[in-house]
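Q: sequence unavailable; structure follows:
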């Protein structure tokens, strides 16, 4: 287990409040990751079939994202991690912060049910590597055990 995953596992031990867990997860990532300008969560709302803004670190953000729209909605709909080297080239990208140039979005899945996404933006082009994807996938898997 990576140090980052071990940290989130220890931090959230015996805590059952989802909002508190996601808030601390976003704070941990914000403190740990370099060259990012936004990190947070969008949570699936079954009633409206959209992603609603959850806990985050960064500037104000889009409050609702349609299922299948933009990088977040596409990652949620497909259930796949999306690493986007240049968000300005992603068809349908939703620009909440014009300073963002690259993005990684990881679906949150617990017991086979999609519950939302982890979204991380960077002002640098091509910021997120396959190594970041592996590290963050393990982090999300560990986090979801606490949701």
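A: Thanks, I have it. Note that the structure is a prediction, hence the values are computed from the model and not measured. Numbering: from 1, shown residues only.
Q: quick one, strands of the protein?
A: Using DSSP state E, the strands of the chain run over 38-45, 50-58, 64-66, 82-84, 102-110, 113-122.
Q: reformat the ones you listed as TSV; add mean neighbour count.
A: The C-beta positions use only the backbone N, C-alpha and C, and glycine is treated the same way. Listed next are those as TSV, based on neighbours: other Cβ atoms under 10 Å:
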stretch	mean neighbour count
strand 38-45	21
strand 50-58	20
strand 64-66	17
strand 82-84	22
strand 102-110	21
strand 113-122	23
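Q: in TSV: those strands, plus distance to residue 92.
A: Converted to TSV, the strands of the chain look like this (distance: least, Cβ to Cβ, whole Å):
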stretch	distance to residue 92
strand 38-45	15
strand 50-58	14
strand 64-66	10
strand 82-84	11
strand 102-110	13
strand 113-122	15
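Q: okay, those in CSV with distance to residue 19 and mean pLDDT next?
A: As requested, these are exported to CSV (distance: least, Cβ to Cβ, whole Å; pLDDT from 0 to 100):
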stretch, distance to residue 19, mean pLDDT
strand 38-45, 10, 98
strand 50-58, 6, 98
strand 64-66, 18, 97
strand 82-84, 25, 98
strand 102-110, 14, 97
strand 113-122, 12, 98
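Q: mind checking those for the one nearest to residue 27?
A: Distance to residue 27, taken as Cβ to Cβ, is lowest for strand 50-58 among those, at 6.0 Å.
Q: for that closest one, which helices and strands make contact with it?
A: Here strand 50-58 touches helix 18-32, strand 38-45, strand 64-66, helix 70-78, strand 113-122, going by 3 or more Cβ pairs under 8 Å, 6 or more residues apart in numbering; DSSP states H and E.
Q: how about these in a markdown table, adding distance to residue 87?
A: Putting these into a markdown table (distance: least, Cβ to Cβ, whole Å) gives the following:
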| stretch | distance to residue 87 |
| --- | --- |
| helix 18-32 | 18 |
| strand 38-45 | 11 |
| strand 64-66 | 14 |
| helix 70-78 | 7 |
| strand 113-122 | 8 |
